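Visitor: Sequence and predicted structure below; questions after.
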Amino acid sequence: MVAICGFVLTLGMVNAADIFVGPGETYTTIQSAVTAANPFDIIIVRDGSYPENVNVNVNHLTIRSENGSGNCIVQATNSNDHVFEVIADRVNISGFTVENAIGEYAAGIYLYDAEHCNISNNIVPNTGLGIYLNATHNSVIDNNTVTNSGAGIGLENSTYSNVTNNKINNTNWGIALWQFSHFNRIINNTILNTIGVEMEYGIMGFAIEIMGSSGNLIDNNYISNTAASGDDAFAVGVFVAAYYGPANNNTITNNDIYNTTASGDNATGIGLYVNANNNKLINNNVRFNTLGIMLDNTSHTLIEENYVGLNDQFGIFIYLSDNNTLASNNANSNNCTGIYLGTSNNNNITDNTASQNSEIGICLDNSSDNFIYNNYFANTNNAFDNGNNIWNISLRNGTNIIGGSLLGGNYWSDYRGSDNNEDGFGDTMLPYNSSGGIQNGGDWLPLIKPSVFDTGAGTYPSISGTHNGTITPFYNSNVSKMYTYPCPNTGGHTESVKIWNSTNWNVTATWNGYVGDWHNLTFNESFVLYQNETYNYTIRTGSYPQIHHTDALPTENGWINCTAFVDVNGKIYEDWIPAIRLY
């Protein structure tokens, strides 16, 4: 007893005990050990199989296997009830295989109205619900494996918990946050082979679901092979919706979401789907899905720095959604459209790349007042727009998407205008309407890449002669001169050059001797080398110009190939390319 200020306090001492369960022990069932346990006891379960349903109502209790989940199996005797049911605080359960709770609402491990629990290193096969938290808070679900179950890990009305490093395979839901499950952290989980199941509204399968829950972090999860089959089937890698309540301020970041598909009439497979406001989708890798990222009736959501490519239909699909921001995403190589807006207004679309999409780079259908600037469009058809949208900002300082020092409009691979004042923006064909795809207005400040096609310096050995080959630029290049790289301490130069194309258009330049700027030749007229078109060249050199000893040379600006080089002695080569700069 301790006397403090006239009061007498009795301090109870905590005497934690290790309680062993198994054949030959005082307790042969886990339930009998739990019933006898006091707070802070540790129940250690010997190897073996234990057919029972265990109810845990003792606070500060640890229940663990002696030698891990492979050696200690707990099987529900009542398959419609939970194997472990926890209704106490600070309970730890680890190292078991937990099975046979096959009833639709039976869980392998079920926590209700609990705090600060830890469920770790368990294997949970063949259950209705793998691990389920109901009205449970501040808990840890770590490094468990759930297979062949209805739901892998579910949280309902549960907050501030960490779900980390779990492996979930062959379930109908991977990880679900339902009805007011706020401020949880879902990190570094692997969810494979989620399979849709018949629900009230159709056949559905979600790898990660956030339903009526806010403030959650979904980070660095690997999701693959989410599928649903049947008419109106709906499969989603990460699903966020404001059903039963708001689903705001969730952050979905650094996740890999692959191969989300659905088959059947009106079936949809979506990598990342949001039907809620004020969320962030950042730096996710969303590939090989039917559709990559979809916002549906959503506002004030940020889609930033995601790679959304190689999807079977759309990369990023914005529908009935206003006042969102799409920034610094790569929507490339999708089998339909890179970025699509349908009946969506007042969105900001900036710093994105949409390239090599099969149908259209960006499509705005029945959408207006969207702000689209500093994007990179390189597709066969770059844009469609039947609304009234803004395609550039006023000229201002800032690094643009092709590396220039000013911001204005967008880069268009099919823009054929000229930069007359060499400020990096087109001065003709304005406003640029993407070959008629933009029906109202267009881009008044289309970006133009620096007008250079440069092989870079070559090497020795070298000899003068005549080069024949082709040039295929990646970008439009405005050209008026050609520079020849000389070998050191030589007079290497070009004596004449001719460039032409299949229409018999051609330009020429001739050397004027060792006078003035003799390394540079000026063409008889300025011209444009257009992106992805192939041009022929004949270049006759003198002295010792630098050479690239290859038959095909990729550069930052395009390809240059050697057809044949005939040296001054008449010897023929097929792998000599002159080192030049066209500018």
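Guide: Perfect, I can see it now.
Visitor: Nearest the geometric middle of the chain, what residue?
Guide: For the chain, the residue lying nearest the average C-alpha position, counting by Cα atoms, centre = their mean, turns out to be N285 (2.0 Å).
Visitor: That residue bridge partners, please.
Guide: Counting by DSSP bridges, N285 is bridged to D256, Y307.
Visitor: cool, and I572?
Guide: Here I572, judged by DSSP bridges, has bridge partners V566.
Visitor: For it, list the residues it contacts.
Guide: Listed by Cβ atoms under 8 Å, 6 or more residues apart in numbering, the contact set of I572 reads 564-566. Bear in mind the C-beta positions are built from the backbone N, C-alpha and C, glycine included.
Visitor: swap in I339?
Guide: So I339 contacts 315-316, 318, 326, 329, 331, 349, 352, 354, 361-363 (Cβ under 8 Å, 6+ apart).
Visitor: I'd like the contacts of I572 as CSV, with distance to P51 appended.
Guide: Below are the contacts of I572 laid out as CSV (distance: Cβ to Cβ, whole Å):
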residue, distance to P51
A564, 83
F565, 83
V566, 88
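Visitor: wait, which of those residues is closest to P488?
Guide: Nearest to P488 among these, counting by Cβ to Cβ, is F565 at 21.0 Å.
Visitor: now that closest one, nearest residue through space, not along the chain?
Guide: Using Cβ to Cβ, 6 or more residues apart in numbering and skipping the chain neighbours, the partner closest in space to F565 is W576 (3.8 Å).
Visitor: Tell me where the chain has helices.
Guide: With DSSP state H as the criterion, the chain has helices at 30-36.
Visitor: can you list the domains in it?
Guide: As given by automatic domain parsing, the domain ranges for the chain are 16-104+113-127, 453-582.
Visitor: Looking at the shortest one now, give me its mean pLDDT.
Guide: Confidence over domain 16-104+113-127 (mean pLDDT, whole number) is 97.
Visitor: Quick one: end-to-end length of that domain, please.
Guide: 33 Å (Cα to Cα, to the nearest Å).
Visitor: quick check, distance from it to the centre of its chain.
Guide: Relative to the mean C-alpha coordinate of its chain, domain 16-104+113-127 is positioned 39 Å out (Cα atoms, centre = their mean, to the nearest Å).
Visitor: list the buried ones in stretch 276-288?
Guide: 276-277, 279-288 (16 or more other Cβ atoms under 10 Å).
Visitor: Ignore what I typed, I meant stretch 139-159.
Guide: Applying a neighbour-count criterion of 16+ other Cβ under 10 Å, the buried positions in stretch 139-159 are 139-147, 149-159.
Visitor: now do stretch 24-42
Guide: When burial is assessed from 16+ other Cβ under 10 Å, stretch 24-42 yields the following buried residues: 27, 29-30, 32-34, 37, 41.
Visitor: lowest average confidence, helix or strand, in the protein?
Guide: strand 7-9 (a mean of 40; mean pLDDT, DSSP states H and E).
Visitor: who's V240 bridged to?
Guide: Bridge pairing for V240 (DSSP bridges) gives the partners I210, V274.
Visitor: So it sits against N250, correct?
Guide: Yes - the criterion here is Cβ atoms under 8 Å, and V240 meets it with N250 at 5.9 Å.
Visitor: Now the common contact residues for those two.
Guide: 210, 276, 279.
Visitor: Serialize these to CSV and add fields for pLDDT and distance to W505.
Guide: Below are these laid out as CSV (pLDDT from 0 to 100; distance: Cβ to Cβ, whole Å):
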residue, pLDDT, distance to W505
I210, 98, 58
A276, 98, 56
N279, 98, 53
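Visitor: from these, which single one is nearest W173?
Guide: Nearest to W173 among the shared contacts of V240 and N250, with distances taken as Cβ to Cβ, is I210, at 11.5 Å.
Visitor: count of neighbours near that closest one?
Guide: By other Cβ atoms under 10 Å, the residues close to I210 number 28.
Visitor: Please name the residues that touch I168.
Guide: 130, 145-147, 152-153, 174-175, 189-192, 194.
Visitor: Inside strands: which ones of these?
Guide: 130, 145-147, 152-153, 174-175, 190-192, 194 (DSSP state E).
Visitor: would TSV of those residues with distance to N92 and pLDDT be doable?
Guide: TSV is the format used below for those (distance: Cβ to Cβ, whole Å; pLDDT from 0 to 100):
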residue	distance to N92	pLDDT
G130	18	97
T145	18	98
V146	18	98
T147	22	98
G152	20	97
I153	17	98
G174	24	98
I175	21	98
T190	23	98
I191	24	98
L192	27	98
T194	28	97
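Visitor: State the pair within those that is farthest apart.
Guide: T145 and T194 (14.9 Å).
Visitor: Adding distance to N170, write the buried residues of stretch 276-288 out as TSV.
Guide: Formatted as TSV, the buried residues of stretch 276-288 follow (distance: Cβ to Cβ, whole Å):
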residue	distance to N170
A276	28
N277	33
N279	28
K280	30
L281	27
I282	29
N283	28
N284	23
N285	23
V286	22
R287	22
F288	19
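Visitor: Pick out the most distant pair among those residues.
Guide: N277 and F288 (28.5 Å).
Visitor: I'd assumed N440 was in contact with P431.
Guide: No - look at P431 against N440 with Cβ under 8 Å: they stay out of range, at 9.7 Å.
Visitor: which stretches of the stretch 401-550 of the chain have low pLDDT?
Guide: The model of the stretch 401-550 of the chain has pLDDT under 70 over residues 451.
Visitor: Give me the pLDDT value at the nearest residue to L295 once chain neighbours are set aside.
Guide: Of all residues not flanking L295 in the chain, S321 sits nearest, at 4.3 Å (Cβ to Cβ, 6+ apart). We note a pLDDT of 98 for S321 in this prediction.
Visitor: what's around S321, how many residues?
Guide: Quick note: S321 (other Cβ under 10 Å) scores 26 neighbours.
Visitor: Next, the contact list for it, please.
Guide: 295-299, 301, 344, 347.
Visitor: quick one: stretch 159-168 to chain centroid distance?
Guide: Relative to the chain's own centre, stretch 159-168 is displaced by 21 Å; criterion: Cα atoms, centre = their mean.
Visitor: Next, the distance between the ends of that stretch.
Guide: 21 Å.
Visitor: can you tell me the average pLDDT over that stretch?
Guide: 98.
Visitor: Which strand residues bridge L111?
Guide: Beta-bridge partners, per DSSP bridges, of L111: V86, L133.
Visitor: correct me, but T298 touches T325?
Guide: No - look at T298 against T325 with Cβ under 8 Å: they stay out of range, at 11.6 Å.
Visitor: So which of these two has more stuff around it?
Guide: The residue with more neighbours, out of T298 and T325, is T298; 26 against 15, by other Cβ under 10 Å.
Visitor: quick one, phi/psi of N71?
Guide: For N71, the backbone dihedrals (degrees, to the nearest 10) come out as phi -120, psi 0.
Visitor: Do I have it right that it meets S65?
Guide: Yes - the pair N71 / S65 is scored as a contact, 6.7 Å apart, by Cβ under 8 Å.
Visitor: hey, what's in contact with both of these two?
Guide: With Cβ under 8 Å, 6+ apart as the test, N71 and S65 both reach D47.
Visitor: still on that earlier bit, and P431 and N440? Which one has more around it.
Guide: Using other Cβ under 10 Å as the criterion, P431 and N440 rank with P431 on top: 16 against 12.
Visitor: what's near enough to touch the nearest residue to W444 once chain neighbours are set aside?
Guide: Once flanking residues are discounted, W444 sits nearest to P431: 4.7 Å by Cβ to Cβ, 6+ apart. By Cβ under 8 Å, 6+ apart, P431 lies in contact with 391, 438, 441-444.
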